[in-house]
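**Student:** sequence? don't have it. structure:
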Ligand code: ARG
(Lines give C-alpha, C1' and ligand atoms only; values in the text may rest on other atoms or scores of the structure.)
Protein backbone atom coordinates (compact mmCIF):
# COMPACT_ATOMS: atom_id res chain seq x y z
CA UNK A 1 0.00 0.00 0.00
CA UNK A 2 1.08 3.54 -0.67
CA UNK A 3 2.77 5.68 1.99
CA UNK A 4 0.29 7.30 4.38
CA UNK A 5 2.32 10.53 4.52
CA UNK A 6 2.93 11.21 0.84
CA UNK A 7 1.25 8.36 -1.08
CA UNK A 8 -1.73 10.23 -2.51
CA UNK A 9 -0.48 10.07 -6.07
CA UNK A 10 0.93 6.54 -5.72
CA UNK A 11 -0.86 3.33 -6.69
CA UNK A 12 1.78 0.98 -5.29
CA UNK A 13 4.03 0.89 -2.27
CA UNK A 14 7.84 0.84 -2.52
CA UNK A 15 9.96 -2.15 -3.43
CA UNK A 16 11.77 -3.66 -0.44
CA UNK A 17 15.08 -2.47 -1.87
CA UNK A 18 13.67 1.04 -2.25
CA UNK A 19 12.61 0.98 1.37
CA UNK A 20 16.06 -0.20 2.42
CA UNK A 21 17.97 2.49 0.57
CA UNK A 22 15.49 5.22 1.46
CA UNK A 23 15.01 4.70 5.18
CA UNK A 24 17.08 6.69 7.65
CA UNK A 25 15.23 5.73 10.83
CA UNK A 26 18.03 3.28 11.73
CA UNK A 27 20.26 6.23 12.51
CA UNK A 28 18.19 9.44 12.60
CA UNK A 29 16.25 8.19 15.64
CA UNK A 30 19.17 9.74 17.51
CA UNK A 31 17.50 13.08 16.72
CA UNK A 32 14.18 12.15 18.35
CA UNK A 33 14.33 14.69 21.15
CA UNK A 34 15.40 17.44 18.73
CA UNK A 35 12.57 16.50 16.37
CA UNK A 36 10.01 16.74 19.13
CA UNK A 37 11.44 20.03 20.40
CA UNK A 38 11.17 21.43 16.86
CA UNK A 39 7.59 20.21 16.48
CA UNK A 40 6.59 21.65 19.85
CA UNK A 41 8.01 25.04 18.92
CA UNK A 42 6.29 24.91 15.53
CA UNK A 43 2.94 23.89 17.02
CA UNK A 44 3.06 26.62 19.68
CA UNK A 45 3.77 29.17 16.95
CA UNK A 46 0.89 27.87 14.81
CA UNK A 47 -1.35 28.47 17.82
CA UNK A 48 0.02 31.92 18.65
CA UNK A 49 -0.48 33.09 15.08
CA UNK A 50 -4.03 31.72 14.91
CA UNK A 51 -3.16 29.24 12.16
CA UNK A 52 -4.29 26.36 14.41
CA UNK A 53 -6.89 26.40 17.18
CA UNK A 54 -5.72 26.34 20.79
CA UNK A 55 -7.50 23.02 21.19
CA UNK A 56 -5.51 21.39 18.39
CA UNK A 57 -2.26 22.85 19.66
CA UNK A 58 -2.90 21.52 23.14
CA UNK A 59 -3.66 18.04 21.79
CA UNK A 60 -0.47 18.14 19.74
CA UNK A 61 1.60 19.36 22.67
CA UNK A 62 0.40 16.62 25.01
CA UNK A 63 0.71 13.99 22.32
CA UNK A 64 4.30 14.95 21.54
CA UNK A 65 5.23 14.73 25.21
CA UNK A 66 3.80 11.22 25.34
CA UNK A 67 5.70 10.23 22.20
CA UNK A 68 8.89 11.55 23.77
CA UNK A 69 8.33 9.57 26.93
CA UNK A 70 7.72 6.42 24.89
CA UNK A 71 10.98 6.97 23.00
CA UNK A 72 12.88 7.65 26.21
CA UNK A 73 11.38 4.55 27.83
CA UNK A 74 12.41 2.46 24.83
CA UNK A 75 8.86 1.29 24.14
CA UNK A 76 8.43 3.23 20.89
CA UNK A 77 8.11 0.99 17.80
CA UNK A 78 10.23 2.48 15.02
CA UNK A 79 9.10 1.56 11.52
CA UNK A 80 11.32 1.42 8.44
CA UNK A 81 8.27 1.88 6.23
CA UNK A 82 7.88 5.31 7.81
CA UNK A 83 11.38 6.22 6.58
CA UNK A 84 12.66 8.64 9.15
CA UNK A 85 12.27 10.06 12.63
CA UNK A 86 9.99 12.86 11.43
CA UNK A 87 7.34 10.55 9.98
CA UNK A 88 7.70 7.99 12.75
CA UNK A 89 6.89 10.63 15.34
CA UNK A 90 4.04 12.12 13.34
CA UNK A 91 2.49 8.72 12.61
CA UNK A 92 2.50 7.80 16.30
CA UNK A 93 1.02 11.18 17.15
CA UNK A 94 -1.79 10.48 14.69
CA UNK A 95 -2.46 7.10 16.32
CA UNK A 96 -2.79 8.81 19.65
CA UNK A 97 -4.59 12.09 18.98
CA UNK A 98 -6.10 11.62 15.53
CA UNK A 99 -6.91 14.51 13.23
CA UNK A 100 -4.97 17.37 14.92
CA UNK A 101 -1.74 15.43 14.23
CA UNK A 102 -2.33 15.98 10.52
CA UNK A 103 -2.37 19.75 11.08
CA UNK A 104 1.09 19.88 12.66
CA UNK A 105 2.84 19.89 9.29
CA UNK A 106 1.09 23.14 8.22
CA UNK A 107 3.61 25.65 6.87
CA UNK A 108 6.46 23.19 7.32
CA UNK A 109 8.30 20.56 5.29
CA UNK A 110 10.58 17.73 6.22
CA UNK A 111 13.31 19.77 4.55
CA UNK A 112 13.32 22.58 7.10
CA UNK A 113 12.41 20.06 9.80
CA UNK A 114 15.45 17.87 9.23
CA UNK A 115 17.78 20.87 8.92
CA UNK A 116 16.44 22.14 12.26
CA UNK A 117 16.76 18.79 14.02
CA UNK A 118 20.26 18.24 12.73
CA UNK A 119 21.39 21.73 13.68
CA UNK A 120 20.09 21.25 17.21
CA UNK A 121 21.95 17.95 17.43
CA UNK A 122 25.22 19.37 16.10
CA UNK A 123 24.89 22.40 18.39
CA UNK A 124 24.74 20.07 21.41
CA UNK A 125 27.90 18.38 20.19
CA UNK A 126 29.70 21.70 19.81
CA UNK A 127 28.74 22.39 23.43
CA UNK A 128 29.97 18.97 24.54
CA UNK A 129 33.25 19.52 22.70
CA UNK A 130 33.67 22.87 24.42
CA UNK A 131 33.32 21.23 27.84
CA UNK A 132 35.68 18.39 26.95
CA UNK A 133 38.33 20.78 25.63
CA UNK A 134 38.13 22.97 28.72
CA UNK A 135 38.65 19.91 30.89
CA UNK A 136 41.59 18.66 28.82
CA UNK A 137 43.22 22.10 28.89
CA UNK A 138 42.83 22.20 32.68
CA UNK A 139 44.51 18.79 32.96
CA UNK A 140 47.42 19.98 30.79
CA UNK A 141 47.78 23.14 32.88
CA UNK A 142 48.18 21.00 36.01
CA UNK A 143 50.91 18.95 34.31
CA UNK A 144 52.60 22.12 33.08
CA UNK A 145 52.54 23.79 36.46
CA UNK A 146 53.92 20.75 38.28
CA UNK A 147 56.81 20.46 35.83
CA UNK A 148 57.36 24.09 34.87
CA UNK A 149 61.12 23.76 35.51
CA UNK A 150 61.68 20.07 34.72
CA UNK A 151 64.18 19.85 31.89
CA UNK A 152 63.74 17.53 28.93
CA UNK A 153 65.13 17.43 25.42
CA UNK A 154 63.34 19.44 22.78
CA UNK A 155 63.42 17.83 19.37
CA UNK A 156 63.43 18.77 15.72
CA UNK A 157 63.45 15.90 13.20
CA UNK A 158 63.04 13.80 16.39
CA UNK A 159 66.75 14.51 16.96
CA UNK A 160 67.86 16.24 20.16
CA UNK A 161 67.76 19.97 19.49
CA UNK A 162 67.76 22.19 22.61
CA UNK A 163 66.62 21.58 26.18
CA UNK A 164 63.09 22.67 26.98
CA UNK A 165 60.90 22.28 30.03
CA UNK A 166 58.17 19.71 30.55
CA UNK A 167 55.84 22.60 31.31
CA UNK A 168 56.67 24.26 28.02
CA UNK A 169 55.94 21.08 26.09
CA UNK A 170 52.58 20.66 27.84
CA UNK A 171 51.75 24.30 27.15
CA UNK A 172 52.35 23.78 23.42
CA UNK A 173 49.34 21.43 23.48
CA UNK A 174 47.36 23.94 25.52
CA UNK A 175 47.84 26.39 22.63
CA UNK A 176 46.64 23.80 20.12
CA UNK A 177 43.58 22.77 22.10
CA UNK A 178 42.94 26.43 22.84
CA UNK A 179 42.68 27.11 19.10
CA UNK A 180 40.35 24.11 18.80
CA UNK A 181 38.24 25.63 21.56
CA UNK A 182 38.01 28.91 19.69
CA UNK A 183 37.06 27.08 16.48
CA UNK A 184 34.32 25.26 18.40
CA UNK A 185 32.91 28.51 19.78
CA UNK A 186 33.19 30.21 16.42
CA UNK A 187 31.43 27.38 14.57
CA UNK A 188 28.66 27.26 17.13
CA UNK A 189 28.06 31.01 16.92
CA UNK A 190 27.94 30.99 13.11
CA UNK A 191 25.56 28.05 12.79
CA UNK A 192 22.99 29.37 15.25
CA UNK A 193 20.31 30.47 12.75
CA UNK A 194 16.98 28.67 12.54
CA UNK A 195 15.97 26.92 9.30
CA UNK A 196 12.47 26.27 10.65
CA UNK A 197 9.78 27.94 8.53
CA UNK A 198 11.84 27.84 5.33
CA UNK A 199 9.37 25.04 4.51
CA UNK A 200 10.22 22.94 1.44
CA UNK A 201 12.42 25.61 -0.17
CA UNK A 202 10.40 28.76 -0.87
CA UNK A 203 8.90 29.73 2.47
CA UNK A 204 5.14 29.57 3.04
CA UNK A 205 2.00 31.60 2.47
CA UNK A 206 0.80 30.91 6.03
CA UNK A 207 1.39 33.85 8.38
CA UNK A 208 4.03 32.02 10.43
CA UNK A 209 6.32 33.69 12.95
CA UNK A 210 9.85 32.45 12.37
CA UNK A 211 11.26 34.75 15.01
CA UNK A 212 9.15 32.99 17.61
CA UNK A 213 10.25 29.46 16.70
CA UNK A 214 13.88 30.57 16.41
CA UNK A 215 13.76 31.99 19.92
CA UNK A 216 11.98 28.97 21.36
CA UNK A 217 14.73 26.70 20.05
CA UNK A 218 17.58 28.89 21.27
CA UNK A 219 18.61 30.16 17.84
CA UNK A 220 19.86 33.74 17.51
CA UNK A 221 17.64 34.50 14.50
CA UNK A 222 15.85 32.81 11.61
CA UNK A 223 18.00 32.00 8.54
CA UNK A 224 17.41 34.76 6.01
CA UNK A 225 17.06 32.74 2.80
CA UNK A 226 14.71 29.77 2.58
CA UNK A 227 16.61 28.08 -0.27
CA UNK A 228 19.85 28.30 1.66
CA UNK A 229 18.24 27.31 4.94
CA UNK A 230 17.18 23.88 3.67
CA UNK A 231 20.30 23.17 1.61
CA UNK A 232 22.99 24.44 4.00
CA UNK A 233 25.14 21.80 5.67
CA UNK A 234 28.07 24.14 6.38
CA UNK A 235 27.43 23.71 10.09
CA UNK A 236 28.03 19.96 9.82
CA UNK A 237 31.14 20.53 7.73
CA UNK A 238 32.52 23.13 10.13
CA UNK A 239 31.88 20.68 12.94
CA UNK A 240 33.75 17.95 11.07
CA UNK A 241 36.55 20.32 10.07
CA UNK A 242 36.96 21.46 13.65
CA UNK A 243 36.84 17.85 14.84
CA UNK A 244 39.42 16.87 12.22
CA UNK A 245 41.95 19.51 13.24
CA UNK A 246 41.45 18.71 16.92
CA UNK A 247 41.75 14.97 16.24
CA UNK A 248 45.02 15.72 14.41
CA UNK A 249 46.29 17.49 17.55
CA UNK A 250 45.16 14.58 19.71
CA UNK A 251 46.90 12.20 17.35
CA UNK A 252 50.23 14.05 17.48
CA UNK A 253 50.10 14.09 21.27
CA UNK A 254 49.13 10.41 21.33
CA UNK A 255 52.11 9.62 19.11
CA UNK A 256 54.42 11.39 21.57
CA UNK A 257 52.93 9.44 24.47
CA UNK A 258 53.52 6.18 22.60
CA UNK A 259 57.17 7.10 22.07
CA UNK A 260 57.65 8.57 25.53
CA UNK A 261 56.22 5.54 27.34
CA UNK A 262 58.59 3.12 25.59
CA UNK A 263 61.44 1.47 27.52
CA UNK A 264 63.90 3.38 25.32
CA UNK A 265 62.54 6.77 26.39
CA UNK A 266 60.83 6.31 29.78
CA UNK A 267 59.78 9.96 29.74
CA UNK A 268 56.33 9.12 31.07
CA UNK A 269 54.60 6.32 32.89
CA UNK A 270 51.00 5.84 31.80
CA UNK A 271 48.57 4.63 34.42
CA UNK A 272 47.33 1.05 34.48
CA UNK A 273 43.84 2.46 33.95
CA UNK A 274 44.79 3.63 30.47
CA UNK A 275 47.04 0.76 29.40
CA UNK A 276 46.55 -2.88 28.41
CA UNK A 277 48.61 -6.05 28.64
CA UNK A 278 49.63 -8.74 26.18
CA UNK A 279 48.10 -12.22 26.16
CA UNK A 280 51.51 -13.77 25.40
CA UNK A 281 54.21 -11.41 26.72
CA UNK A 282 53.73 -11.10 30.49
CA UNK A 283 55.95 -8.03 30.85
CA UNK A 284 53.98 -5.87 28.42
CA UNK A 285 52.13 -2.70 29.24
CA UNK A 286 50.84 -1.20 26.04
CA UNK A 287 49.66 2.37 25.41
CA UNK A 288 46.52 1.23 23.55
CA UNK A 289 44.44 4.28 24.43
CA UNK A 290 47.07 6.54 22.86
CA UNK A 291 47.26 4.34 19.80
CA UNK A 292 43.49 4.38 19.33
CA UNK A 293 43.38 8.15 19.77
CA UNK A 294 46.11 8.36 17.14
CA UNK A 295 43.94 6.31 14.78
CA UNK A 296 40.66 8.20 15.33
CA UNK A 297 41.77 11.09 13.14
CA UNK A 298 41.42 8.72 10.18
CA UNK A 299 37.71 8.12 10.52
CA UNK A 300 36.97 11.69 11.58
CA UNK A 301 38.83 13.15 8.63
CA UNK A 302 37.15 10.49 6.48
CA UNK A 303 33.74 11.75 7.58
CA UNK A 304 34.76 15.29 6.69
CA UNK A 305 35.87 14.21 3.23
CA UNK A 306 32.77 12.08 2.70
CA UNK A 307 30.37 14.90 3.48
CA UNK A 308 32.32 17.37 1.35
CA UNK A 309 31.94 14.93 -1.54
CA UNK A 310 28.21 14.46 -0.88
CA UNK A 311 27.61 18.21 -0.89
CA UNK A 312 29.91 19.47 -3.60
CA UNK A 313 27.74 18.88 -6.67
CA UNK A 314 24.23 19.34 -5.29
CA UNK A 315 22.02 21.90 -7.02
CA UNK A 316 19.79 23.96 -4.73
CA UNK A 317 17.81 23.22 -2.72
CA UNK A 318 17.24 19.88 -0.90
CA UNK A 319 18.30 16.57 -2.45
CA UNK A 320 18.03 13.19 -0.77
CA UNK A 321 21.81 12.92 -0.97
CA UNK A 322 21.80 15.11 2.11
CA UNK A 323 20.35 12.29 4.20
CA UNK A 324 23.89 10.85 4.05
CA UNK A 325 25.13 13.68 6.27
CA UNK A 326 24.05 12.17 9.57
CA UNK A 327 25.91 8.90 9.94
CA UNK A 328 29.19 10.66 9.16
CA UNK A 329 28.60 13.35 11.75
CA UNK A 330 27.27 10.91 14.37
CA UNK A 331 30.30 8.64 14.01
CA UNK A 332 32.78 11.51 13.99
CA UNK A 333 31.16 13.14 17.03
CA UNK A 334 31.08 9.89 19.02
CA UNK A 335 34.72 9.17 18.31
CA UNK A 336 35.89 12.74 18.83
CA UNK A 337 34.23 12.83 22.27
CA UNK A 338 35.70 9.44 23.13
CA UNK A 339 39.19 10.50 22.05
CA UNK A 340 38.95 13.73 24.05
CA UNK A 341 37.79 11.88 27.15
CA UNK A 342 40.51 9.23 26.82
CA UNK A 343 43.22 11.86 26.38
CA UNK A 344 41.85 13.77 29.35
CA UNK A 345 42.07 10.64 31.51
CA UNK A 346 45.55 9.73 30.31
CA UNK A 347 46.91 13.22 30.95
CA UNK A 348 45.41 13.34 34.45
CA UNK A 349 46.82 9.91 35.32
CA UNK A 350 50.25 10.00 33.72
CA UNK A 351 53.50 10.55 35.60
CA UNK A 352 56.36 12.43 34.00
CA UNK A 353 59.65 10.76 35.00
CA UNK A 354 61.69 13.74 36.02
CA UNK A 355 65.04 11.86 36.20
CA UNK A 356 64.71 10.26 32.77
CA UNK A 357 63.69 13.58 31.26
CA UNK A 358 66.70 15.31 32.84
CA UNK A 359 69.14 12.58 31.80
CA UNK A 360 67.94 12.76 28.22
CA UNK A 361 67.98 16.56 28.28
CA UNK A 362 71.71 16.60 28.93
CA UNK A 363 72.72 14.16 26.21
CA UNK A 364 73.08 14.72 22.50
CA UNK A 365 75.00 18.03 22.77
CA UNK A 366 71.74 19.77 23.53
CA UNK A 367 73.47 22.95 24.78
CA UNK A 368 75.61 23.47 21.68
CA UNK A 369 73.53 26.52 20.74
CA UNK A 370 74.15 27.98 24.21
CA UNK A 371 77.89 27.59 23.63
CA UNK A 372 77.66 29.33 20.25
CA UNK A 373 75.56 32.13 21.80
CA UNK A 374 78.23 32.53 24.54
CA UNK A 375 80.97 32.96 21.91
CA UNK A 376 78.86 35.71 20.32
CA UNK A 377 77.92 37.42 23.57
CA UNK A 378 81.23 37.23 25.46
CA UNK A 379 83.86 37.11 22.71
CA UNK A 380 81.93 39.21 20.20
CA UNK A 381 82.29 36.67 17.39
CA UNK A 382 79.90 36.70 14.40
CA UNK A 383 77.27 33.96 14.91
CA UNK A 384 78.40 32.06 11.80
CA UNK A 385 81.96 31.79 13.17
CA UNK A 386 80.65 30.83 16.60
CA UNK A 387 78.50 28.12 14.97
CA UNK A 388 81.56 26.71 13.18
CA UNK A 389 83.78 26.70 16.30
CA UNK A 390 81.04 25.02 18.34
CA UNK A 391 80.63 22.42 15.63
CA UNK A 392 84.31 21.52 15.86
CA UNK A 393 83.96 21.13 19.65
CA UNK A 394 80.96 18.83 19.15
CA UNK A 395 83.07 16.75 16.78
CA UNK A 396 85.86 16.68 19.38
CA UNK A 397 83.49 15.59 22.16
CA UNK A 398 81.99 12.97 19.90
CA UNK A 399 85.42 11.51 19.12
CA UNK A 400 86.26 11.56 22.85
CA UNK A 401 82.99 9.80 23.60
CA UNK A 402 81.87 12.53 26.01
CA UNK A 403 79.42 15.43 26.17
CA UNK A 404 80.24 19.13 25.82
CA UNK A 405 80.43 19.92 29.58
CA UNK A 406 82.95 17.04 29.96
CA UNK A 407 85.59 18.72 27.75
CA UNK A 408 88.51 20.36 29.57
CA UNK A 409 89.23 24.06 29.25
CA UNK A 410 92.43 23.15 27.37
CA UNK A 411 90.40 21.17 24.85
CA UNK A 412 87.97 24.10 24.54
CA UNK A 413 90.84 26.47 23.84
CA UNK A 414 91.98 24.39 20.85
CA UNK A 415 88.86 25.62 19.07
CA UNK A 416 89.27 29.27 20.13
CA UNK A 417 91.93 30.56 22.50
CA UNK A 418 89.65 33.26 23.92
CA UNK A 419 87.40 30.71 25.62
CA UNK A 420 87.49 30.97 29.44
CA UNK A 421 86.30 28.92 32.42
CA UNK A 422 83.11 31.01 32.34
CA UNK A 423 81.87 29.03 29.31
CA UNK A 424 81.00 26.07 31.55
CA UNK A 425 78.21 28.04 33.20
CA UNK A 426 76.17 28.02 29.98
CA UNK A 427 76.64 24.33 29.25
CA UNK A 428 74.18 23.07 31.87
CA UNK A 429 70.65 22.35 30.72
CA UNK A 430 69.18 24.19 33.72
CA UNK A 431 71.05 27.31 32.71
CA UNK A 432 70.03 26.80 29.10
CA UNK A 433 66.29 26.71 29.78
CA UNK A 434 66.45 29.44 32.43
CA UNK A 435 68.12 31.77 29.93
CA UNK A 436 65.35 31.47 27.32
CA UNK A 437 63.19 34.20 28.78
CA UNK A 438 62.02 35.71 25.49
CA UNK A 439 58.22 35.95 25.29
CA UNK A 440 56.86 32.47 24.61
CA UNK A 441 60.24 30.89 25.38
CA UNK A 442 60.88 27.78 27.46
CA UNK A 443 62.21 29.50 30.63
CA UNK A 444 60.21 28.40 33.71
CA UNK A 445 59.30 32.02 34.39
CA UNK A 446 57.69 32.26 30.95
CA UNK A 447 55.96 28.90 31.32
CA UNK A 448 54.46 29.95 34.66
CA UNK A 449 53.25 33.20 33.14
CA UNK A 450 51.51 31.28 30.35
CA UNK A 451 49.93 28.86 32.81
CA UNK A 452 48.53 31.82 34.74
CA UNK A 453 47.23 33.46 31.56
CA UNK A 454 45.49 30.27 30.43
CA UNK A 455 43.92 29.71 33.85
CA UNK A 456 42.23 33.07 33.40
CA UNK A 457 41.22 32.31 29.81
CA UNK A 458 39.41 29.12 30.80
CA UNK A 459 38.00 30.40 34.08
N1 LIG B 1 15.17 11.72 6.11
C2 LIG B 1 15.41 12.90 5.35
C3 LIG B 1 16.84 13.38 5.58
O4 LIG B 1 17.46 12.89 6.47
C5 LIG B 1 14.44 13.97 5.77
C6 LIG B 1 14.12 14.95 4.71
C7 LIG B 1 13.32 14.34 3.62
N8 LIG B 1 12.84 15.29 2.71
C9 LIG B 1 12.40 14.95 1.53
N10 LIG B 1 11.98 15.87 0.74
N11 LIG B 1 12.37 13.69 1.15
O12 LIG B 1 17.36 14.23 4.90
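**Tutor:** Cool, got the structure. Model, not experiment: these values are computed from the prediction.

**Student:** where along the stretch 51-200 of the chain do the strands fall?
**Tutor:** Taking DSSP state E, counting those that start in this stretch, the strands of the stretch 51-200 of the chain run over residues 151-156, 159-165, 193-194.

**Student:** what's the burial count for the residue of the stretch 251-400 of the chain found nearest the ligand?
**Tutor:** Proximity of the stretch 251-400 of the chain to the ligand (CB to the nearest ligand atom) peaks at residue 323, 3.6 Å away. All C-beta spots, glycine's among them, are computed from the backbone N, C-alpha and C. Using other CB atoms under 10 Å, residue 323 has 19 neighbouring residues.

**Student:** ok, now which ones touch it?
**Tutor:** Residue 323 sits next to 24, 28, 84, 114 when contact means CB atoms under 8 Å, 6 or more residues apart in numbering.

**Student:** same deal with residue 92?
**Tutor:** Residue 92 neighbours (CB under 8 Å, 6+ apart): 67, 70, 76.

**Student:** looking at the residues you listed, which is nearest residue 98?
**Tutor:** Residue 98 has its nearest neighbour among the contacts of residue 92 in residue 67, at 14.0 Å by CB to CB.

**Student:** report the separation between the closest one and residue 91.
**Tutor:** 10 Å (CB to CB, to the nearest Å).

**Student:** and these two? which has more neighbours close in?
**Tutor:** Comparing residue 67 with residue 91 by other CB under 10 Å, the one with more neighbours is residue 67, at 24 against 17.

**Student:** gap between residue 40 and residue 356?
**Tutor:** 59 Å.

**Student:** scratch that, residue 436
**Tutor:** Where residue 356 is concerned, residue 436 sits at a distance of 22 Å (CB to CB).

**Student:** looking at the two, which is more packed in?
**Tutor:** residue 436 (20 against 16).

**Student:** list buried residues within the contacts of residue 323.
**Tutor:** Buried members of the contacts of residue 323, counted by 16 or more other CB atoms under 10 Å: 24, 28, 84, 114.

**Student:** could you list which of those residues also contact the ligand?
**Tutor:** 24, 28, 84, 114 (CB under 6 Å from any ligand atom).

**Student:** closest one to residue 429 out of these, please.
**Tutor:** Among those, and counting by CB to CB, the member closest to residue 429 is residue 28, at 57.0 Å.

**Student:** show me the contacts for that closest one.
**Tutor:** 84, 85, 114, 117, 323, 326.

**Student:** now the end-to-end length of stretch 154-166.
**Tutor:** Its first and final residues considered, stretch 154-166 spans 9 Å by CA to CA, to the nearest Å.

**Student:** next, count neighbours for the closest residue in space to residue 174 that isn't next to it in sequence.
**Tutor:** In this structure, residue 174 finds its nearest non-sequential neighbour in residue 140, 5.0 Å apart by CB to CB, 6 or more residues apart in numbering. As a burial measure, residue 140 scores 28 neighbours (other CB under 10 Å).

**Student:** residue 140 contacts residue 175, doesn't it?
**Tutor:** No - the pair residue 140 / residue 175 is not scored as a contact, 9.9 Å apart, by CB atoms under 8 Å.

**Student:** kindly report the residues of this structure close to the ligand.
**Tutor:** So the chain meets the ligand at 24, 28, 84, 110, 111, 114, 318, 320, 322, 323 (CB under 6 Å from any ligand atom).

**Student:** let's go with 5 Å and repeat that
**Tutor:** Residues of the chain lying near the ligand by CB under 5 Å from any ligand atom: 24, 84, 110, 114, 323.

**Student:** in space, what's closest to the third one - neighbours in sequence excluded?
**Tutor:** Nearest in space to residue 110, with sequence neighbours left out and distances taken as CB to CB, 6+ apart, is residue 86 at 5.1 Å.

**Student:** might you report the residue contacts of that neighbour?
**Tutor:** Counted by CB under 8 Å, 6+ apart, residue 86 has contacts 35, 110, 113, 114, 117.

**Student:** okay, the second one: pLDDT?
**Tutor:** pLDDT, the model's per-residue confidence, is 97 for residue 110.

**Student:** got it, and the third one?
**Tutor:** According to the predicted model, the pLDDT of residue 113 comes to 98.

**Student:** on that earlier part again, and which of the residues of the chain next to the ligand is nearest residue 396?
**Tutor:** The closest of those, once distances to residue 396 are taken by CB to CB, is residue 323, at 69.6 Å.

**Student:** before we move on, what SS does the closest one have?
**Tutor:** helix (DSSP: H, G, I helix; E, B strand; the rest coil).

**Student:** residue 411 versus that one, what's the distance?
**Tutor:** Distance from residue 323 to residue 411, by CB to CB: 74 Å.

**Student:** how about residue 373?
**Tutor:** Distance from residue 373 to residue 411, by CB to CB: 20 Å.

**Student:** one more: residue 82?
**Tutor:** Residue 82 sits 85 Å away from residue 411, taking CB to CB as the criterion.

**Student:** out of these two, which sits in the busier spot?
**Tutor:** More neighbours surround residue 82 than the other of residue 82 and residue 411, with 20 against 15 (other CB under 10 Å).

**Student:** so what's that one up against?
**Tutor:** Taking CB under 8 Å, 6+ apart as the test, what residue 82 contacts is 5, 25, 88, 91.

**Student:** let me know the helix or strand that residue 50 is in.
**Tutor:** Assignment of secondary structure by DSSP states H and E places residue 50 within no helix or strand.

**Student:** name the nearest residue to it, ignoring sequence neighbours.
**Tutor:** Nearest residue to residue 50, sequence neighbours excluded (CB to CB, 6+ apart): residue 207, at 7.9 Å.

**Student:** residues contacting that neighbour?
**Tutor:** 49, 50, 51.

**Student:** the ligand versus the second one, what's the distance?
**Tutor:** Note on residue 50: its distance to the ligand, by CB to the nearest ligand atom, to the nearest Å, is 28 Å.

**Student:** how about the first one?
**Tutor:** From residue 49 over to the ligand the distance is 24 Å, taken as CB to the nearest ligand atom.

**Student:** shouldn't that residue be in contact with residue 210?
**Tutor:** No - counting by CB under 8 Å, residue 210 is not a contact partner of residue 49; they are 10.5 Å apart.

**Student:** which one's more surrounded, these two?
**Tutor:** Each of residue 49 and residue 210 has its neighbours counted (other CB under 10 Å); residue 210 has more, 24 against 14.

**Student:** pretty sure that one contacts residue 194?
**Tutor:** Yes - counting by CB under 8 Å, residue 210 touches residue 194, with 6.7 Å between them.

**Student:** and for the two, which residues touch both?
**Tutor:** residue 222.

**Student:** tell me which of the strands of the stretch 51-200 of the chain is the most buried.
**Tutor:** Most buried of those, by mean neighbour count (mean count of other CB atoms under 10 Å): strand 193-194, with a mean of 22.

**Student:** parallel or antiparallel, list what pairs with that strand.
**Tutor:** Note on strand 193-194: by DSSP bridges, its sheet partners are strand 221-222 (parallel).

**Student:** ok, and what's touching the strand it pairs with?
**Tutor:** By CB under 8 Å, 6+ apart, strand 221-222 touches 193, 194, 196, 197, 210, 211, 213, 214, 229.
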